[in-house]
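K.L.:
How does the following fold in three dimensions:
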Amino acid sequence: MAGYIGMMIATKTNILTTYGCNIDINEGFLHAFRGGQVLGFALVGLALLVLQLVILCYKNTILPSEPVSFETMQDYTRLLFEFVSGYGLGGSTVALFGRVGGGIYTKAADVGADLAGKVGYKLPEDSPLNPGTIADNVGDNVGDIAGMGADLFGSLAESTCAALVVSCSSWGLLTTNNAVYFPMTVTATGIVASFITTWFIYIPGGTVETKLKVQLIISTLLMTVLLIPVSLSQPEDFIIIFAEIEYHSGAWKSYGCIMLGLWSGLLIGLVTEYYTSHSYGPTRALAISCQYDAATNIIAGLALGYESTVVPILCLAVTVLFAFSWAAMYGVALAAIGMLGCLPIALTIDGYGPISDNAGGIAEMCNLHEDIREQTDILDAAGNTTAAIGKGFAIGSACLVALALFGAYVTRVAADLGQSSATTVNILEPYVFSGLLVGAMLPYAFSSLTMAAVGKAAEEMIAEINRQAKGILEDGAAPDHEKCIDISTQASLKKMVAPGCIVILSPIVGGYLLGYDFVSGMLAGNIVSGIQVAFSHSNTGGAWDNCKKYIEGGHLYYTTESGEERHPKKHSPEHKAAVCGDTVGDPLKDTSGPSINILIKLSAITSLVFGGAIATQGGLLRGSDYKNHTLEVIQT
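P.N.:
As a prediction, the model looks like this:
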């Protein structure tokens, strides 16, 4: 529903954005920003509303009406939240279609249209003579509106479900029925903070990129302030309280966990911007490397992506370390919710990107004045940078969400096997270590399938554009856009089946055949490996994209070794090298990288939902002795 609303609004708003740029750039910017607002606020509002309704319905049918002991109520509440976890599983299953299928759709069209149209026939971007133009623009909405929205909707639902399940564990936490509402109150506070933040967009002055970054900073500051009274003013049964510490100390530690996630998310976004925006050194160095060849551009881009993982991973490591020391795995779940605290604003900025991109396509296809296209290109350039920031948010939150779900899975297995508490996962045990290796391999297998799907579909797209080119350019025939749209559609539907099976079946099959401890290792390996790959792919592709736009905008000046001053623009050798890098980066940043979010989250939520069956019925290949094996699991 959120994806449908977002795409309907986006396709209406991109026309308004093009028209607004006919007046001035600020008018076009406001239209694009308001269109993104609909996606952000509708999605988070729906997520919170439906989750509340689901909890109320299950609460009235599962929890006993008569007074019972605390331990019995804890068991009933844990059962309630395990059922509610199906809500997160549903959200991630649709996100699998939106992210993976949408990513294949949009990049098959984008790569095919770029290589055949821009490079092969030197057509302008989004030229109406290019048969792949419409498919490319449709793909922006499918992958970047519906796909991004479904991905972050799943993160929000799953992080909340993880917090609820973990809160009912026996890690020295005291919980009552009202404690369920605290994670949801954080999200509600984020809606209020985001709503206030949107009014700052009307302050005059500053570039488009600056206005968008200010939105992230102001919303983070507002959340920091608004959550203090929210955390401290509730009755004692409203907050998860530690038996060993006093109430206010527990409230402050819960608040601290949320702040760790909130500010880590902002820092990850800013670091992502540094590595992917052509306003800074790394991407400009990529542009300079294009003077030699496309190969040097690709080598430098891969190195940039690897380097860009360092600071985000350190941020996540510090967040997990302190959040876990303060509130065990519940603290990690709160940190994940905190990182998604300003989700309405983050999604607003993400939705802004494809809207302004499509506005430029409309200007080109309608043969409007070049000045209008220049205005939309300025909006689009800012959207590229903020889209990279959004991907950083999504990847960071996916790590924390998956880790929290891992803790919830461990908690559920321990409870279903009658363990009083979780203790340890010993990675030196053969089944755990084997699962660790398999889990670390899955992001690479997943990336291979998605990138191969884009490459194969792009080949079909290029062949179709080449087939039509002679008739269009020489005989004046009309482009057959429908054929190219059909190629992308068929590819996205068929090629997402294998990656989807990997995501959903790996924990179920592994658990039933090799046991719950194999799944524990697999989830850990999946998270650790997947986050590195996701950051690297997304940032490499984003840097290559902005490197191309930097050269297209005529901003590159350099002096060759022979002393010649160069100022390359479109269709220069430097530009062709940049287009080559951008084309390689397209499936990295918009298909494989973001889709790994779904891999780690959906594997974890599937393990949680099927955790009881895996614990009691799994290990079919390990014999009868396995049933008596002592469970040694932990929330790490």
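
K.L.:
Could you point out the helix or strand that follows the helix or strand harbouring Glu574?
P.N.:
Glu574 is part of helix 573-587 when elements are defined by DSSP states H and E. Using DSSP H and E, the helix or strand that follows helix 573-587 in sequence is helix 593-609.

K.L.:
Report all helices and strands that that next one contacts.
P.N.:
Counting contacts by 3 or more C-beta pairs under 8 Å, 6 or more residues apart in numbering; DSSP states H and E, helix 593-609 packs against helix 70-96, helix 148-167, helix 370-416, helix 430-473, helix 497-514, helix 516-552. In this view, the C-beta of every residue, glycine as well, is placed from N, C-alpha and C.

K.L.:
Spatially central residue in the protein, please.
P.N.:
Ala394 (3.1 Å; C-alpha atoms, centre = their mean).

K.L.:
Local confidence estimate at it?
P.N.:
pLDDT, Ala394: 79.

K.L.:
quick one: it and Pro594 touch, right?
P.N.:
Yes. Under the criterion of C-beta atoms under 8 Å, Ala394 makes contact with Pro594 at 6.5 Å.

K.L.:
Could you check how far the helix holding Glu574 is from the centre of its chain?
P.N.:
24 Å (C-alpha atoms, centre = their mean, to the nearest Å).

K.L.:
contacting residues around stretch 304-323?
P.N.:
256-257, 260-261, 264, 267-268, 271-272, 275-276, 282-283, 285-286, 331-332, 334-335, 392, 395-396, 399-400, 403, 531-532, 535-537, 539-541, 543, 588 (C-beta atoms under 8 Å, 6 or more residues apart in numbering).

K.L.:
How about stretch 606-621?
P.N.:
82, 85-86, 89, 161-162, 165, 405-406, 408-409, 412-413, 416-417, 503-504, 507-508, 511-516, 519, 523, 626-627.

K.L.:
Could you give the separation between the terminal residues of that stretch?
P.N.:
With C-alpha to C-alpha, to the nearest Å as the measure, the ends of stretch 606-621 fall 21 Å from one another.

K.L.:
Mean confidence (pLDDT) on that stretch, please.
P.N.:
84.

K.L.:
what's the answer for stretch 196-210, then?
P.N.:
On average, stretch 196-210 scores 86.

K.L.:
so how far is the first residue of it from its last?
P.N.:
Termini of stretch 196-210 sit 18 Å apart (C-alpha to C-alpha).

K.L.:
that older thread, what residues are up against the residue nearest to the centre of the chain?
P.N.:
Met148, Asp151, Leu152, Ser155, Pro594, Asn597.

K.L.:
low-scoring stretches of this protein, by residue?
P.N.:
Residue ranges of the chain with pLDDT under 70: 70-71, 74, 168-180, 234-250, 418-425, 623-636.

K.L.:
burial count for Val528?
P.N.:
17 (other C-beta atoms under 10 Å).

K.L.:
ah, wrong one, I meant Gln617
P.N.:
12.

K.L.:
One more: the one 3 residues further on?
P.N.:
Neighbouring residues of Leu620 were enumerated by other C-beta under 10 Å; the total is 12.

K.L.:
rewinding a little: narrow the contacts of stretch 304-323 to those that are buried.
P.N.:
256-257, 260-261, 264, 267-268, 271-272, 275-276, 282-283, 286, 331-332, 334-335, 392, 395-396, 399-400, 403, 531-532, 535-537, 539-541, 543, 588 (16 or more other C-beta atoms under 10 Å).

K.L.:
Now for the nearest residue to Ala478 once chain neighbours are set aside: which residues touch it?
P.N.:
Nearest residue to Ala478, sequence neighbours excluded (C-beta to C-beta, 6 or more residues apart in numbering): Ile472, at 7.6 Å. Applying C-beta under 8 Å, 6+ apart to Ile472 gives the contacts Leu129, Pro131, Ala478, Pro479.

K.L.:
Quickly note the distance from Ile472 to Gly338.
P.N.:
52 Å (C-beta to C-beta, to the nearest Å).

K.L.:
Repeat that for Val454.
P.N.:
34 Å.

K.L.:
Most neighbours of all the contacts of Ile472, which one?
P.N.:
Counting by other C-beta under 10 Å, top hit in those: Pro131 with 28 neighbours.

K.L.:
where's that residue, which helix or strand?
P.N.:
Applying DSSP H and E, one finds Pro131 in no helix or strand.

K.L.:
Output the helix or strand containing Gly102 as CSV - backbone C-alpha positions only.
P.N.:
If you go by DSSP H and E, Gly102 is part of helix 102-113. The C-alpha trace of helix 102-113 is given here as CSV (Å, rounded to 0.1, in the frame of the first residue of the first chain):
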residue,chain,number,x,y,z
GLY,A,102,12.7,-3.4,-8.7
GLY,A,103,16.5,-3.2,-8.7
ILE,A,104,16.7,-5.6,-11.6
TYR,A,105,14.0,-3.8,-13.5
THR,A,106,15.5,-0.3,-13.2
LYS,A,107,19.1,-1.2,-13.8
ALA,A,108,18.4,-3.4,-16.8
ALA,A,109,16.7,-0.4,-18.4
ASP,A,110,19.3,2.1,-17.2
VAL,A,111,22.4,0.1,-18.3
GLY,A,112,20.8,-0.8,-21.6
ALA,A,113,19.6,2.7,-22.4
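
K.L.:
for it, the distance to its chain's centre please.
P.N.:
Distance, centroid of helix 102-113 to centroid of chain: 18 Å (C-alpha atoms, centre = their mean).

K.L.:
ditto for stretch 80-87
P.N.:
Worked out by C-alpha atoms, centre = their mean, stretch 80-87 lies 22 Å from the chain centre.

K.L.:
Alpha carbons only: can I get that stretch in CSV?
P.N.:
What follows is stretch 80-87, C-alpha atoms only, in CSV (Å, rounded to 0.1, in the frame of the first residue of the first chain):
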residue,chain,number,x,y,z
LEU,A,80,2.0,-12.7,21.7
PHE,A,81,5.0,-11.0,20.3
GLU,A,82,6.2,-14.1,18.5
PHE,A,83,2.9,-14.0,16.6
VAL,A,84,3.3,-10.3,15.9
SER,A,85,6.7,-11.1,14.3
GLY,A,86,4.8,-12.4,11.3
TYR,A,87,4.1,-8.7,10.6
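
K.L.:
could the contacts of Ile472 go into CSV alongside distance to Gly563 and secondary structure?
P.N.:
Compiled in CSV, the contacts of Ile472 are given as follows (distance: C-beta to C-beta, whole Å; DSSP: H, G, I helix; E, B strand; the rest coil):
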residue, distance to Gly563, secondary structure
Leu129, 40, coil
Pro131, 44, coil
Ala478, 50, coil
Pro479, 45, coil
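
K.L.:
Just name the closest of the residues you listed to Asn22, please.
P.N.:
Leu129 (23.0 Å; C-beta to C-beta).

K.L.:
report the angle between the axes of the helix holding Gly102 and helix 593-609?
P.N.:
Helix 102-113 and helix 593-609 are oriented at 160 degrees to each other (axes from the mean of the first three to the mean of the last three C-alpha atoms, to 10 degrees).

K.L.:
helices or strands up against helix 102-113?
P.N.:
Using 3+ C-beta pairs under 8 Å, 6+ apart, helix 102-113 sits against helix 133-140, helix 430-473, helix 481-495, helix 573-587.

K.L.:
any idea which of those is most buried?
P.N.:
helix 133-140 (a mean of 25; mean count of other C-beta atoms under 10 Å).

K.L.:
where does that one sit relative to the chain's centre, distance-wise?
P.N.:
Worked out by C-alpha atoms, centre = their mean, helix 133-140 lies 21 Å from the chain centre.

K.L.:
related to what we said a few turns ago, farthest pair in the contacts of Ala394?
P.N.:
Ser155 and Pro594 (11.7 Å).

K.L.:
Give me the residues contacting stretch 368-376.
P.N.:
Thr17, Thr18, Cys21, Asn22, Asp24, Ile25, Gly28, Ser356, Ala359, Gly360, Ala363, Glu364.

K.L.:
Just the buried ones out of those, please.
P.N.:
Thr17, Thr18, Cys21, Ile25, Gly28, Ser356, Ala359, Gly360, Ala363, Glu364.

K.L.:
All good on my end, thank you.
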